[in-house]
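Peer 1: The sequence and its predicted three-dimensional model are supplied below.
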Amino acid sequence: MAVAVVLAGLARAAVHIYSIPSESMVPALEVGDQIVVTRYLQSRPERGDVIVFQSPVGADELLVKRVIGLPGDWIDSRLGRVRIGGFTLPEPYLDRAAASGSIPSQFVPPDTYFVLGDNRESSLDSRTWGVVPEELIVGRARVVLWSTRHALGDEARAEQSDDLLRAPRPKQARVFKWID
């Protein structure tokens, strides 16, 4: 019995569930997605990880963004594309390439991370408030458990379409979806 209590306590300390409140991470995460977040225990965030962290500007707010720049990286943008050390970063998770806007050339200091939302037009991120200190990171987003709002609005978009032959996209269940 004591072993079960200890294991349950360890699991609770290492795994958290959060709800996505904004569209800043569409298409990877949608409003209403309930995600599982695990702590970084013996590793550090890697480029491409989707992380949950305390806002650097509002201590009571949790944010979800993708790690783009690692400690020691030189980051900027050219023609809306993110560059690391002068090389364009491939970003297959974006719906629209060249959406990053202007990122002034900067060095990512030790123990900090440069983060961006996947939906760059609707995201407040490191372009606005700078890098995220490692101590503010809660953990890595791993999986969408379920969504309270999946594929909403597809019918409205189809009705507004000039193409009458276009059918609405089928609703996709967002249950146990791994986060890339």
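Peer 2: Looks like it arrived, so ask away.
Peer 1: List the contacts of the residue lying closest to residue 89 once chain neighbours are set aside.
Peer 2: Distances taken as Cβ to Cβ, 6 or more residues apart in numbering put residue 82 closest to residue 89, at 4.5 Å, once the chain neighbours are dropped. The C-beta positions use only the backbone N, C-alpha and C, and glycine is treated the same way. Residues in contact with residue 82 (Cβ atoms under 8 Å, 6 or more residues apart in numbering) are 68, 75, 76, 88, 89, 91, 100, 103, 116.
Peer 1: Can you go through those residues and name the buried ones?
Peer 2: Neighbour-count burial (16 or more other Cβ atoms under 10 Å) applied to the contacts of residue 82 gives 68, 75, 76, 89, 91, 100, 103, 116.
Peer 1: State the three-state secondary structure for the spatially most central residue of the chain.
Peer 2: Centroid-nearest residue in the chain: residue 65, 3.2 Å away (criterion: Cα atoms, centre = their mean). Going by DSSP: H, G, I helix; E, B strand; the rest coil, the secondary structure assigned to residue 65 is strand.
Peer 1: Across the sheet, point out what pairs with it.
Peer 2: In this entry, residue 65 is beta-bridged to residue 51, by DSSP bridges.
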